[in-house]
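> Build the 3D model from these lines:
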Amino acid sequence: MSSVASPAGLVHLGMDTSKKTIVIATLWPGEEIPVTERIANEEAAVRRFFGRLGDPLVLRSCYEAGPGGYDLYRLLTSMGVACDVVAPSLIPKGGSDKVKTDKRDACRQARLHRAGELTPVRVPTQAEEAVRDLVRVRAALVDDRKRAQQRLTAVLMRHGSVWTGSYWTAAHRAWIDAQRFGEPALAAAIAHYRGTLATREAELAAIEAELAPWARRDPLAGPVARLGCYRGIAELGGLTLTAEITDWRRFPAARAFMSCTGLVPSEYSSGERTRRGSITKAGSEPVRTTLIEAAWAYQHAPAIGATLRRRQAGADPGTLARSWKAQRRLNGRYRHLTSHGKARGEAITAVARELAGFVWAEMTA
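So this is what the prediction gives:
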């Protein structure tokens, strides 16, 4: 390998990362076939490799976003090497390409990066990433609580105890407490399920208490307060959206943000036939879940209750106007869909999709 980059143009490097190694494909100016090399996924090895390439100002590197995070990006940028973290789902792939290896992936990235065909993602700051990780702890605990609830409900149902009202209300919990079984082993099993649920609920309460102060600290406080002016988006919901999205302006239009949430229908259309399916569920699951949970608030007639009025205190008049417009529009949308035969769940998904558009418009206004 040459120790000095060619002055004729830029050097593009595609990297396929794994836990222990990095395969780097180096595409020199004027060349069509990259040169590949495998190095250890360690800071010293990365510094040695890029140090051999000469002037970092002519280097353009990229790798797929993945479980390895952004440490490699931060290391390279600290060395003065331009680096893009690219969206894996948006990397062009041939339909007949059935062979996947680290070397082929790195070479493809190098070629596509030089051609400008890759879509970079926004890399959060370390502070933003830390808060996002804390938000995701809460999302994981919500899932754990749901599983604990399902297990307890299932064991009661298997033994003839069936609740017919709304679940996990005060009345439902009192009914569970009143259940008695003659078999000691069954009583012990149910006690363990209840204990697990109580533990998950205590853990969730603890993480929510720890998250609350971050919603009131810069740079998150302003966006969280603006989102909180919308019905259904409380403090933790606003914090989740802010921490997950971070840069709202990377979406050029509301439709692009809707697609990122995974709330748009999948589609397979060819010729004169158009076939749409269920939502894609692409992008961030916490964002999609937050929007769907918020959308349930819009089944009710437009109103500003005491809690929402508190969240809106001191807000910009433009934000308040957009929030009220969202209430009227989304409630009308929900009523229209349910009156025309749509199931409530389907109607709420459609409302959540439109709410995503309102949220994007608010954060880019």
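
> from here on, contacts and neighbour counts on C-alpha atoms
OK.

> Report the contact partners of the spatially closest residue to Lys20 that is not a sequence neighbour.
Leaving out its chain neighbours, the residue that sits closest to Lys20 by C-alpha to C-alpha, 6 or more residues apart in numbering is Asn41, at 5.1 Å. The contact partners of Asn41, by C-alpha atoms under 8 Å, 6 or more residues apart in numbering, come to Thr17, Ser18, Lys19, Lys20, Thr21, Ile22.

> which intervals of this structure have sub-threshold pLDDT?
1-8, 95-96, 269-270 (pLDDT under 70).

> one more time with 80
Residues of the chain meeting the criterion pLDDT under 80: 1-8, 89, 94-98, 267-276.

> Strands of that one, start to end?
11-17, 21-27, 35-40, 59-64, 82-86, 265-270, 273-279 (DSSP state E).

> related to what we said a few turns ago, identify, from the contacts of Asn41, the entry nearest to Gly318.
Lowest distance from Gly318 to these (C-alpha to C-alpha) belongs to Thr17, with 45.6 Å.

> hmm, back to that, using CSV, lay out the strands of the chain together with mean neighbour count and distance to Val155.
Formatted as CSV, these follow (neighbours: other C-alpha atoms under 10 Å; distance: least, C-alpha to C-alpha, whole Å):
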stretch, mean neighbour count, distance to Val155
strand 11-17, 26, 44
strand 21-27, 24, 46
strand 35-40, 16, 50
strand 59-64, 24, 44
strand 82-86, 20, 46
strand 265-270, 12, 36
strand 273-279, 11, 31
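
> Let's have these in CSV, adding distance to Glu117.
Output for the strands of the chain, formatted as CSV (distance: least, C-alpha to C-alpha, whole Å):
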stretch, distance to Glu117
strand 11-17, 13
strand 21-27, 15
strand 35-40, 20
strand 59-64, 12
strand 82-86, 10
strand 265-270, 23
strand 273-279, 26
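
> and of those strands, who's closest to Met157?
So among the strands of the chain, strand 273-279 is nearest, using C-alpha to C-alpha, at 30.4 Å.

> Any idea how far stretch 272-279 is from the middle of the chain?
25 Å (C-alpha atoms, centre = their mean, to the nearest Å).

> ok, and what's touching that stretch?
Gly262, Leu263, Val264, Pro265, Ser266, Glu267, Tyr268, Ser269.

> Bridged to the residue lying closest to Arg111 once chain neighbours are set aside, which residues?
Using C-alpha to C-alpha, 6+ apart and skipping the chain neighbours, the partner closest in space to Arg111 is Leu27 (7.3 Å). Here Leu27 sits in beta bridges with His12, going by DSSP bridges.
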